[in-house]
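1. Quick one: sequence plus predicted model below, questions after.
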Amino acid sequence: MSWFNRVRNSLPFVAKRSTDETLWIKCKGCGEMIFASDYADNLYVCPRCEHHGRIGADTRIAMLMDEGFTLLPQPEVKEDPLKFRDSKRYTDRLRAARASNPHRDAFTVASGAIDGQPAVVGVQDFHFMGGSMGMAVGQAFCDGAAEALRRKCGYVVVTAAGGARMQEGILSLMQMPKATVMVRKLRAAGLPYIVLLTDPTTGGVTASYAMLGDVQIAEPGALIGFAGQRVIQETIREQLPEGFQRAEYLHEHGMVDRVVHRHDLKGELATMLRYMRGSKAA
Amino acid sequence: MLTFLDFEKPVAQLQAQIAELRAANLGADGGDQIDMGDELAKLEAKSADMLKGLYASLSPWQKTQVARHPQRPHFRDYVEHAFTDFMPLGGDRYFGEDHAIIGGFATLRGRQVMLIGHEKGHDTQSRIKHNFGMGKPEGYRKAIRLMDLAGRFGLPVVTLVDTSGAFPGIEAEERGQAEAIARSTEACLALPVPMVATIVGEGGSGGAVALASAERVLMFEHAIYSVISPEGCASILWRTAEKAADAAEAMKVTAQDLKELGVIDRIVPEPVGGAHRDPKAAIRNLADTIDDELTTLARQDVTYLQERRADRFLAIGT
């Protein structure tokens, strides 16, 4: 059985309620209706236009890792340190996000292997408050790096975020240097740090750990940038070029090494890890 | 002419009254018609009290306005009054020279340092030249180069942070704004020499962090430091930029709040009425404080400095 079939079979199937909504899914790329099971079988890539859909942490981990991985516990961090409230309380927003997500925050870490290569994989989930980076995300990133250091293996991080979590104010901004400290530790230990940029990765996440990989890869069509497109347009009052801030555009401008189709990700990551074993890794 | 801020209106009115009285009392010979010395002194004292009262309890949004005051001292003022022998060094060696981020050799009270900071400009022409203090990738890459230089030649790094944020533009994105900021943050963390960063005006998001990931972070009394501008936060979470004052309050952007959160180490006092009312006094305060910090840090070895820098950030959130 190829890894692709194995992954396909291990993926949690879409809810089995037989309503039209769950049977059919409208592709966000081409607008075509796709049979939900076909979509899941194809790793949430549209079979017609190749649009790569956004996926959660569990699906991503199952897709990239060999069976038998373990999930790291979600870190304990101070919750709502600023007692933040806009139109809603931050604690209410958190509660709502947790009610519709299997995880307590936007960054989940699994320790295991990718096609036999020992690896720790950290995945950011855009569905959890826009993947935004707060203290829980920053700490989970660091925990993942610490696990890679402990196991002397590579660290693969899958990014997806609108940016920093505003409800944690300056403390979210401080996650940028915090995560960077751990990237430096991986580097000092001679361990590979690979970043997979997925749709969308912007703001403070891009301007820290998402751009510091030894190797940078991106999924096709992923939006990747520092500033948001609306902000740029308001600042310069010019039309944005075709394909601006998309994965292919970043590749063309030398910011990512490879743009890789979701079907090929696991194989490519394993190959990279094999090349980057060096002398220090286990 | 001093530009008054909205919330300073009562002081502005009183000052206008005083000026009017003075003018009305001016005789044809240039002397006073009647002796109003006492009266004027009383009014002046009242105005000073009022200003003191206002500045003792500024709201986060009022502080934002003070931090952005056009007459607040900028990089060039610090260079002129706090440092000697500033020798700017230009270019990132890849693309170009960015005037929003300036750096070079400088001497502070006899101590040789590498000075790096944002420059916003002081009039229309200079603001355009310095791109309103919004750095581009080449600016952050220049900072990286200068930090590397400082590290190799044992010069402590002093940064003055004053930016609304890194420049959001097409070319900036093309040339890797995010990557440049990430690497600049990393360069701070890697420094084998002491680093003291000061938020002197606005500390805007990643564009500020890139020059402020130091073991000692100072902040002026009325400066602000935040993950996004109050207006930006308001337009996303409240769906209108008009709620900026609420956003500033909620995000905790003031030096006093950030000291309490452990994000900054030390608050540098400003003269009554803000740094723009007495720039030289403000600059002197900052020079004293940086000098004091560098004296303490000079005794530490490389490992200690790097570990302390790493530990302070790792501790955030735990």
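-> Happy to help now that I have it.
2. okay, CA-based contacts and neighbour counts for the rest of this
-> OK.
3. The residue of the stretch 1-150 of chain B found nearest chain A: neighbour count?
-> Going by CA to the nearest CA, chain A is nearest to B:Pro137 of the stretch 1-150 of chain B, at 11.1 Å. Look at B:Pro137: counted by other CA atoms under 10 Å in any protein chain shown, it has 27 neighbours.
4. Quick check: nearest residue in space to it, chain neighbours excluded?
-> B:Gln177 (4.8 Å; CA to CA, 6 or more residues apart in numbering or on different chains).
5. For B:Ser59, see how far away that neighbour is.
-> Shown here: B:Gln177 relative to B:Ser59, a distance of 33 Å by CA to CA, to the nearest Å.
6. next one: B:Val158
-> 29 Å.
7. So which of the two has more stuff around it?
-> B:Val158 (25 against 15).
8. how distant is the helix or strand harbouring that one from the center of its chain?
-> Element membership for B:Val158 (DSSP states H and E) is strand B:157-163. Its chain's C-alpha centre and that of strand B:157-163 lie 7 Å apart, by CA atoms, centre = their mean, to the nearest Å.
9. Same question for stretch A:150-169.
-> 8 Å.
10. can you pull the buried residues of it?
-> A:151-169 (16 or more other CA atoms under 10 Å in any protein chain shown).
11. before we move on, what about stretch B:5-25?
-> B:8, B:11-12, B:14-15, B:18, B:25.
12. mind giving me a markdown table with these and columns for pLDDT and distance to chain A?
-> Below are the buried residues of stretch B:5-25 laid out as a markdown table (pLDDT from 0 to 100; distance: CA to the nearest CA, whole Å):
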| residue | pLDDT | distance to chain A |
| --- | --- | --- |
| B:Glu8 | 93 | 28 |
| B:Val11 | 92 | 33 |
| B:Ala12 | 93 | 33 |
| B:Leu14 | 91 | 37 |
| B:Gln15 | 91 | 37 |
| B:Ile18 | 89 | 42 |
| B:Asn25 | 78 | 50 |
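13. possible to save the residues you listed as JSON lines with distance to A:His261 and secondary structure?
-> Compiled in JSON lines, the buried residues of stretch B:5-25 are given as follows (distance: CA to CA, whole Å; DSSP: H, G, I helix; E, B strand; the rest coil):
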{"residue": "B:Glu8", "distance to A:His261": "59", "secondary structure": "helix"}
{"residue": "B:Val11", "distance to A:His261": "64", "secondary structure": "helix"}
{"residue": "B:Ala12", "distance to A:His261": "64", "secondary structure": "helix"}
{"residue": "B:Leu14", "distance to A:His261": "69", "secondary structure": "helix"}
{"residue": "B:Gln15", "distance to A:His261": "68", "secondary structure": "helix"}
{"residue": "B:Ile18", "distance to A:His261": "73", "secondary structure": "helix"}
{"residue": "B:Asn25", "distance to A:His261": "82", "secondary structure": "coil"}
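14. quick revisit: also within reach of chain B: list those from the buried residues of stretch A:150-169.
-> Contacts with chain B within those, as defined by CA under 8 Å from any CA of the partner chain: A:164, A:166-169.
15. Would you mind checking which of those is nearest to chain B?
-> Using CA to the nearest CA, A:Gly169 is the member of these that lies nearest chain B, at 4.8 Å.
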